[in-house]
Structure formats: C-alpha cells, structure tokens
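Asks: Have a look at this prediction, sequence included:
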Amino acid sequence: MPTDRIQYVYHKDNLHRSEPTRTRPEDLKSEEMIINLGPQHPSTHGVLRLEVITDGEFVKEVIPHMGYLHRCFEKHAENLPYNQIIPFVDRMDYLASMNSEHVYVMGLEKMLGIENTLPKRIEYIRVLVAELNRLASHFVAIGTYGIDIGAFTPFLWLMRDREHIQRLLEWVCGARMLYNYIWVGGLFYDLPVGFEERCGDFIKYLKPKMKELETLVIHNKIFIQRTANIGVLPLDLAINYGCSGPMLRGSGLKYDLRRVDGYSVYPELEFDIPVGKGEMGTVGDCWDRNYVRVLECYESIKIIEQCLIQLTGTHKRTRDFDPQAMVPKKIRPKAMDFYVRGETPKGELGFYFRSTGNTDIPYRCKGRSPCFVNLSVINELSKNAMLADLIAIIGSIDVVMGEVDR
Amino acid sequence: MTFQEIKELIIQEFGEEAVVAENLTGIQPVLTVVKDRLPSIAEFLWRNEKTYFDYLSCITAIDNPKTDTIEVVYNFYSIPYNHHLTLRVDTPRGDEQNLPRVPTLSTIFKTANWHEREAFDLFGIVFEGHPDLRRILLPADWEGYPLRKDYKEQEYYHGIKVAY
C-alpha cells in the first residue's frame, strides 16, 4: 500500500475526547491522582476502561467506563424474527454461547407453551452441551485470572483442555464459539455418531487434570496470598447489588437457578451447589469466588456424566429421531410480557420479552446480563485496596465485555 | 404469596389510588403503580417480612409511541420466598427538552444504579434523585436515544458518517 495516499480526512474534532473522565483533575485532593486503566490493557479482560482515583498505592474510587463493545443487541432484536436473534444472543457472552442460547430459547418455548412437549433427548443434549460450555467458560475465567496475578502455566493448561471442548462442540454444530445450535423447539442437529463415547473419553481425561489444576492454582501459596482476604463482598451487599452466579455463591449463599427454578432436566440430575466458606480468609473474597468456579467444574463433570448415561441408555439415539421435528415454522407468541432467567457461568442471564401477538418480531427484547450487574459492584470491592489487588478483583468478577456492553 | 395477596397488601398500605392497573393475560402478571409511589412501594415490599422482595432482577424500559408513553418495568424477586413480582410505571414520552421523569430506585437497590443509567442512555428517561446519571454504553456526546422507536441517528459523529 503506498504510504503517500491519504487514508482519512483529518478533523481537528477527531482529537476531541468523547469519553472524558468523570473526575476533574482540579477537584482532586493533593495526594490523589487519576490513573486510567484500559481499555486496551490485557488484565481488564477486554475493552473495559477503569478510571481509578488513587492515593499513593491505595485505590480510593473506581469508575468503570464501558460501551466499547456495544453492538446494539436490543436494537437488532427489535428488527429481527425471534429465531434469527439466536446468533446475536451467541455474541453476547461469546465464551458461553450455549448457555445463553439455552436461556433465550427456553423463554420463547415458555411463551409458546411448548416447553413440556419436547422429547427428553433434546433436553439432555441441551444440558450436555451447556455444561460442556460452562466448563470452557470457567476454564477461561480461572486461566486468565492466573495470568492476571502472575501465574502463566494454568492458563496454558486450561486452554489446552478447553481446546478439547471446543473441538467437541465444533463436531456437534460446526462452530467453535458461536454455535446457533439450540433452536426454538429443538436443535440444529442430533449429536454426531460416536460423540457420546468421545465425550466420555474426554471426561475420563479431564478428571485427573482438575485435581492437577487445584494443586497448581487454588492451593498454591502465592495464589492464596494474592487472593485471600482481597475484595471481600459481604452477602447483603451482593444481593443489594444484584450479583449472581459465582459472585453470589462465593459470598456464601446457596443460590443456583438450575436448582431454584429447576428448568430443563436439571431437577432429574444430581449435583451440588458449591458455596464460598472462607477457608483461606473471609467469606466472599477473591479466593472463594475462584474456588467456587473450580468446584462448579466438578459439578459440571458430574452432570455431563449423567447426561451421557441417559443419552446412551433411556434416551439413546434412534434412526427416526429428528431434532427439528418440533421446530415451529412461525414463532408467534401471544401478546404478553415475559421475563425468563437462567444460570449461565457468569450468573443470572435474563431476557425481558414483549410480544404484540401479530408479528414474529419482538416488540422489545431486553437482555439482563449477569456481567453488567456483577461489574457494578467493583467500586465497593476495591475501596481502599492496593492498586495491584484491583487487578485481582477485576479478574475474580469474571467479566466478558461482550455481555456487559451487549 | 400470590399476586392478588401482594396487590391487596399494597392497596392496604398505600390506598386504592396507588395501583393503576393490572394485567393478568400473560404468564406473568404485571401490576402498574403510580410512579411517584414506586420507591416507597419497593421499599415497603422489601422491608415487609411477608413479601421480602430483596432482589431487583431487571429494569426494562419500553417505548410506546402509539400511546405516547414510556413504561419502565421492574422485575423483583424474593430469594427466601422464591416469589416473583413485576411492577410497571407509565410516564408521558416528552420531548428533547422535556424528558420523561421517573423516581429512582438506586437509593434502595444499588443494582438499579446501572440499570437506570442504561435506560437513561438508550431511552432518555431521567431518574430523579439518581446519584450519577450519565450515559453508560454510548459516548457522552452522542445525540438522541437509540432505543426509542422513532430514533433517527445523527448524520456525522466527529466527522465519521454514522449511517452505513
């Protein structure tokens, strides 16, 4: 490309700062300083920008600025038929697309009144892929958290294991991260032949690796020193801030929508809900949140094993099984307002639908993303923490900016 | 507690006029309340031992140009009782100079803070008493409120053409 060609027109206006800091420098006290963290800093987990007011090494206030990844999900949703929104839902939390799809599709099925008519095999496959994706999402959360506080090995090990999951899911539906696999009233395809065996092999492979991970990260002395008693989130504050998922469970509340709402086939499955107990410090610190994630991986493995037993036993593959048999030709719910929620790896994902009853395009489709709500607590968590601990706190919240900004 | 019992409790405490309407047609019933009473109703439902709605799941704003109103929908949840409640307020749509106004819940539920900022950002609803009402997803100098049904995007933003 010739370098002398003008590639853009220079405007003096371009340098105008559209996103100024909230705090004005002249309002600061003499010891205070504004530090701008992100949006391109790797430890902010995507394009999150934090305006940090510090006093020496201590953080006085954190003001998050986001919207760098705002892709107008809700505006798109108001202009598309219900089934065509599913790929946009994938792109909200791109690390756990299956879970988001599952929640979205479940909501529509409830609105259409077909949620209890689906074949059990479809529900078991949905839970199987969702739990595989939950494992992958937690692996990224724990792995990148290791990098944030200076441990490189767990990241590589977890990425290696996540690769297996992504290949399995690619085999199922053709895509590695953005699946569009779970459809309203069914699935895109049945599981490929041989999938159950390969998935069982993977679980056999993964179990010792999880033990390895636990000794490498969770009970590592440096890890404990960096995370125990850091970023303590008391339970009442967590509820008042609307935190959910591992954030809320890390603070000691046994609250998991898979159990509370009992959607899909989760009531038929055996699994525990791990909560933070403050083993290494205070209940609700960064260590607890991460330990909850690791324990949830074990529970997901348990669920996957039970799903595999069902999918090779009672609900095994038959020649005439068509996962698209129940998919409605036109998705046109009656006029109603409906709020659906479900447990994704990050917490409570909700959709608020309003249908008018005479079109197959939603009048309004609001996404209540768990990361958005969980991130809002960051200022409380990092008050009077050290600047280095702020990085540990951001990582422990496990934000995916695609979901925060939607 | 059923929806009707909660409704009666609200009427008992705040009088007949606090509840404007109810909608029982959908799967989840919706209760419309007077917008000025909303913070006190929310706080009452939270503090009351019988209801204890301690978790505000979601705040949704919906624009209705046909009836010239904007509504704000609040999804409450009670963790100990496993109850759901959907409250709704209506407000006139207003215009650029005269934005719709709804009292804030962020003094009671901290989670409302960002939800309300989002509603302000995308719908132009001013939440009265909000501690920090700024745009949250869009740049601070963006014009207009994109999720309104009659939204027209600005032509240029810092010399960049907006329409594609």
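Replies: That came through, no problem. What you are looking at is a predicted structure, and each value in this text was computed from that prediction instead of being measured.
Asks: Do a quick rundown of the helices in the stretch 251-400 of chain A.
Replies: A:257-260, A:286-312, A:370-375, A:378-381, A:387-397 (DSSP state H, counting those that start in this stretch).
Asks: now the angle between helix A:286-312 and the last one, please.
Replies: This points to helix A:387-397. 20 degrees (axes from the mean of the first three to the mean of the last three CA atoms, to 10 degrees).
Asks: buried ones in helix A:387-397?
Replies: A:D389, A:L390, A:I391, A:A392, A:I393, A:I394, A:G395, A:S396, A:I397 (16 or more other CB atoms under 10 Å in any protein chain shown). Bear in mind the C-beta positions are built from the backbone N, C-alpha and C, glycine included.
Asks: Tell me the helix or strand right after that helix.
Replies: Downstream of helix A:387-397, the next assigned helix or strand under DSSP states H and E is helix A:401-405.
Asks: which of the helices of the stretch 251-400 of chain A sits most buried?
Replies: For the helices of the stretch 251-400 of chain A, average neighbour numbers computed from mean count of other CB atoms under 10 Å in any protein chain shown are highest in helix A:370-375, which has a mean of 27.
Asks: Can you list the helices and strands that that one packs against?
Replies: In this structure, helix A:370-375 makes packing contacts with strand A:347-355, helix A:387-397, helix A:401-405, helix B:112-123, judged by 3 or more CB pairs under 8 Å, 6 or more residues apart in numbering or on different chains; DSSP states H and E.
Asks: Quick one: mean pLDDT for it?
Replies: For helix A:370-375, mean pLDDT rounds to 91.
Asks: How far off centre is that helix?
Replies: Put simply, helix A:370-375 sits 10 Å off its chain's centre (CA atoms, centre = their mean, to the nearest Å).
Asks: Could you pull out the buried residues of stretch B:28-40?
Replies: B:Q28, B:P29, B:V30, B:L31, B:T32, B:V33, B:K35, B:R37, B:L38, B:P39.
Asks: Can you name the residues that contact the second one?
Replies: Applying CB atoms under 8 Å, 6 or more residues apart in numbering or on different chains to B:P29 gives the contacts B:F3, B:E22, B:N23, B:T86.
Asks: could you redo the last one with a cut-off of 7 Å?
Replies: By CB atoms under 7 Å, 6 or more residues apart in numbering or on different chains, the contact list for B:P29 reads B:F3, B:E22, B:N23.
Asks: What's the per-residue pLDDT of the last one here?
Replies: What it means is B:N23. 81.
Asks: surely it meets B:L31?
Replies: No: the pair B:N23 / B:L31 is not scored as a contact, 8.0 Å apart, by CB atoms under 7 Å.
Asks: about what we covered before: quick check on the contacts of B:P29: which are buried?
Replies: For those, a burial check counting by 16+ other CB under 10 Å picks out B:F3.
Asks: Nearest spatial neighbour of A:N240, chain-adjacent residues omitted?
Replies: Of all residues not flanking A:N240 in the chain, B:K110 sits nearest, at 5.0 Å (CB to CB, 6 or more residues apart in numbering or on different chains).
Asks: Which of the three states applies to that neighbour?
Replies: Secondary structure, DSSP: H, G, I helix; E, B strand; the rest coil: B:K110 is coil.
Asks: Skip the chain neighbours and tell me the closest residue to the residue in the stretch 51-200 of chain A positioned nearest to chain B.
Replies: Per CB to the nearest CB, A:G67 is where the stretch 51-200 of chain A lies closest to chain B, at 4.0 Å. Distances taken as CB to CB, 6+ apart place B:L137 nearest to A:G67, at 4.0 Å, with adjacent residues excluded.
Asks: got the contact list for A:S244?
Replies: A:S244 touches A:G347, A:E348, A:P370, A:V373, counting by CB under 7 Å, 6+ apart.
Asks: Mind listing the residues bridging to the closest residue in space to it that isn't next to it in sequence?
Replies: Nearest non-adjacent residue to A:S244, counting by CB to CB, 6+ apart: A:G347, 3.2 Å away. As for beta bridges, A:G347 partners with A:T344 under DSSP bridges.
Asks: what's the answer for B:V126, then?
Replies: B:R101.
Asks: That one reaches B:R101, doesn't it?
Replies: Yes: assessed by CB under 7 Å, B:V126 is found in contact with B:R101 at 5.0 Å.
Asks: how about the strands in the chain?
Replies: Since you didn't name a chain, this refers to chain A. Taking DSSP state E, the strands of chain A run over residues A:32-37, A:49-55, A:58-65, A:182-183, A:186-187, A:336-344, A:347-355, A:364-368.
Asks: oops, chain B please
Replies: Taking DSSP E, the strands of chain B run over residues B:19-23, B:30-33, B:55-64, B:69-78, B:83-92, B:101-103, B:126-128, B:156-157, B:160-161.
Asks: picking up where we left off before, will you turn the helices and strands packed on helix A:370-375 into a markdown table that also has distance to A:N99?
Replies: Listed next are these as a markdown table, based on distance: least, CB to CB, whole Å:
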| stretch | distance to A:N99 |
| --- | --- |
| strand A:347-355 | 7 |
| helix A:387-397 | 18 |
| helix A:401-405 | 11 |
| helix B:112-123 | 22 |
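Asks: would CSV of these with mean pLDDT and distance to A:L169 be doable?
Replies: What follows is the helices and strands packed on helix A:370-375, written out as CSV (pLDDT from 0 to 100; distance: least, CB to CB, whole Å):
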stretch, mean pLDDT, distance to A:L169
strand A:347-355, 91, 19
helix A:387-397, 88, 25
helix A:401-405, 88, 18
helix B:112-123, 91, 31
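Asks: Ok, which of those comes nearest B:E17?
Replies: helix B:112-123 (24.4 Å; CB to CB).
Asks: which ones are touching A:Y298?
Replies: Counting by CB under 7 Å, 6+ apart, A:Y298 has contacts A:M210.
Asks: So what would you say the end-to-end distance of stretch A:40-48 is?
Replies: End-to-end span of stretch A:40-48 (CA to CA, to the nearest Å): 8 Å.
Asks: which one of the helices and strands packed on helix A:370-375 lies closest to B:R47?
Replies: helix B:112-123 (16.3 Å).
Asks: hang on, the earlier thing: can you put the contacts of B:P29 in TSV and add distance to B:W142?
Replies: Output for the contacts of B:P29, formatted as TSV (distance: CB to CB, whole Å):
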residue	distance to B:W142
B:F3	39
B:E22	37
B:N23	34
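Asks: which parts of chain A sit against chain B?
Replies: A:9, A:11, A:13-14, A:16, A:18-20, A:66-67, A:70, A:74-75, A:110, A:239-242, A:255, A:260, A:336-339, A:341, A:348, A:350, A:352, A:354, A:364, A:366, A:368, A:372-373, A:376, A:405 (CB under 7 Å from any CB of the partner chain).
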